[in-house]
Every structure is written in structure tokens, then in C-alpha cells.
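# please work out how this folds:
(one chain, ligands or ions: 2)
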Amino acid sequence: MKSKRIKLAPSVLSADFSRLGEQVAEVTKAGADYIHVDVMDGHFVPNISIGAPVVASLRSWTNLPLDVHLMIERPEVHISQFAEAGADIITVHVEVCQHLHRLVEAIKGLGVKAGVSLNPATPLGSLDEILPLLDLVLVMTVNPGFGGQAFIESMVDKISRLREMLDDRQAKAELEVDGGITASVAPRVAQAGAEVLVAGAAIFNSKQSAGEALHEMRRALDLAG
Ligand code: DX5
Ligand code: ZN
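Ligands and ions are numbered 1, 2, ... in the order given. Have a look, this model is predicted:
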């Protein structure tokens with residue numbers, strides 16, 4: 001049986017911010033499935049990146065879903081801004097949410113898909129009650145905050161266990177994986193049951209164009225079946 005086509009979500013965190021629109025257009029043309037936008041506040045993670053105005057600017061450079069990953073404290077204060085800016089998916093971290101159910105409902109109420117992300121040390125059990133409501137679960141395979149970090153190998157088993165949990169419960173949430181994904185790591189992560197792979201440094205690098213890097217990752221996945 002041919003396995004399901006894996007979606008690729010280039011993370012613009014590693015792109016050249018001075019020509020972000022062009023780079024997003026390039027990966028769109030090369031066959032990306034989502035554009036992953038990492039929002040960091042310098043509090044939840046030790047780095048500051050970009051905010052809603054950048055999401056709004058990117059909206060005119062691609063027709064792909066904008067997959068907004070909020071690595072911020074108090075996400076409830078900011079979700080409407082991101083929805084207005086054109087986000088299609090908004091993902092929040094379980095570690096910062098005291099009222100996760102309320103927040104997920106609020107995201108969906110804005111007409112946006114709702115995702116929840118887990119840091120490497122956060123157990124899958126934290127999803128138990130919320131799983132049926134989610135459109136996406138994002139498994140972090142690095143500690144969030146920076147692009148270009150090494151994939152944490154022990155996360156392959158966590159991805160497999162989440163795959164089982166989603167299948168057993170017939171949950172509709174997509175399983176997305178973020179952090180340290182390269183053309184050599186991607187096939188194993190797909191094999192473990194991931195459906196969407198985020199990749200930053202592997203796509204936006206100085207050795208090849210973003211389009212070439214995306215094709216290389218796609219080839220590696222196709223070869224592995
Ligand atoms: C990490 C971010 C990631 C990051 C991935 O905190 O959430 O989306 O940009 O970058 P790479 O693929 O370079 O690990
Ligand atoms: Zn991310």
C-alpha cells in the first residue's frame with residue numbers, strides 16, 4: 001500500500017527576512033504545503049522573532065495555509081490579531097495555557113484551525129481531554145526557541161505513541177513535527193506516523209536554493225516510500 005503523502009511546512013524563521021516574500025513564493029512554487037511562521041516572545045522561549053504584521057504581509061505572497069506557531073505567553077491576548085492577519089492554523093503551547101479548552105474554542109471561534117504543541121519533556125497525557133477538539137498536534141523535536149538545532153532522537157518513539165493514540169481514538173488532528181528535520185531525519189519521522197514536517201534550517205540554507213532543498217526533502221521521503 002502506498003503511504004500517504006507527507007506535507008512539508010517550511011519554517012520562515014531561517015529565511016532571509018530582507019526578502020521573506022520572495023522566499024515564501026519560492027517554496028510555494030516548489031511544492032510546499034504550509035508556510036510555518038514561528039512567533040517568539042522572549043519570555044516563553046529565549047528569543048524574539050516576528051509578529052502579526054509579518055503574517056499579514058506574507059498573506060499576499062502565497063495562497064498556502066499560514067501555519068502560525070505561537071511560542072508566547074498569554075496567547076489568548078494575541079490570537080485575534082493573528083486570525084485577522086490571515087493565519088489559517090494557530091498553534092499554542094500546552095505549557096503556557098491554564099485554560100486550554102477555552103483557548104482552543106476561542107481559536108476555532110475565529111474561524112481558524114486550532115493546534116496544540118508539546119515541548120519535548122511534556123507528556124502526551126496532557127492532550128487526553130482536548131484531543132477530540134484539535135485540528136493539529138505539534139510535537140516539538142527540539143526545545144523551542146531557535147532554528148538549526150539537532151533533532152532529539154528519543155522523540156521518534158513519542159511520535160509513534162501519538163500516532164497510535166490518534167488512530168485508536170479516531171481523532172482528526174494532523175500530526176505535525178517541528179525541530180531538526182533534515183532530508184535524512186524526515187523519512188524516519190514519517191515512518192513513525194507524522195503527517196506534516198516543519199523544516200527551517202534544512203530548507204533555507206546557504207548551500208542550495210530553498211526550492212532545491214524542498215525538492216531534496218521530498219525525494220528523500222519518496223525514496224523511503
Ligand atoms: C523552533 C521552531 C521551529 C524552527 C525549526 O523553536 O518552532 O519551527 O524554526 O527550525 P529547524 O528546522 O531549523 O530546526
Ligand atoms: Zn515552529
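# bridging residues for the residue in the chain that ligand 2 sits nearest to?
For the chain, the residue closest to ligand 2 is His69, as judged by CB to the ion, at 3.7 Å. Using the backbone N, CA and C atoms, a C-beta is placed for each residue, glycine as well. With DSSP bridges as the criterion, His69 is bridged to Asp38, Thr91.
# just give me the neighbour total for it.
27 (other CB atoms under 10 Å).
# which ones are touching it?
36-39, 91, 115, 117, 138, 178, 198 (CB atoms under 8 Å, 6 or more residues apart in numbering).
# and if you look at Ile90?
Counting by CB under 8 Å, 6+ apart, Ile90 has contacts 68, 70, 79, 82-83, 107, 110, 112-115.
# quick check, nearest of those to ligand 1?
Leu70 (10.0 Å; CB to the nearest ligand atom).
# so who does that closest one touch?
Neighbours of Leu70 in contact, by CB under 8 Å, 6+ apart: 39, 78-79, 82, 90-93.
# distance of it relative to Gly51?
Using CB to CB, to the nearest Å, Leu70 is found at 10 Å from Gly51.
# anything in contact with each of the two?
Val39.
# which residues of the protein fall in strands?
7-10, 35-40, 66-71, 89-93, 113-118, 136-140, 174-178, 196-199 (DSSP state E).
# kindly reformat those strands as JSON lines containing mean pLDDT.
Formatted as JSON lines, these follow (pLDDT from 0 to 100):
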{"stretch": "strand 7-10", "mean pLDDT": "98"}
{"stretch": "strand 35-40", "mean pLDDT": "98"}
{"stretch": "strand 66-71", "mean pLDDT": "98"}
{"stretch": "strand 89-93", "mean pLDDT": "99"}
{"stretch": "strand 113-118", "mean pLDDT": "98"}
{"stretch": "strand 136-140", "mean pLDDT": "99"}
{"stretch": "strand 174-178", "mean pLDDT": "99"}
{"stretch": "strand 196-199", "mean pLDDT": "98"}
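# could those strands be laid out in JSON lines, adding distance to Asp128?
Shown next, in JSON lines, are those (distance: least, CB to CB, whole Å):
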{"stretch": "strand 7-10", "distance to Asp128": "25"}
{"stretch": "strand 35-40", "distance to Asp128": "26"}
{"stretch": "strand 66-71", "distance to Asp128": "22"}
{"stretch": "strand 89-93", "distance to Asp128": "17"}
{"stretch": "strand 113-118", "distance to Asp128": "12"}
{"stretch": "strand 136-140", "distance to Asp128": "12"}
{"stretch": "strand 174-178", "distance to Asp128": "16"}
{"stretch": "strand 196-199", "distance to Asp128": "22"}
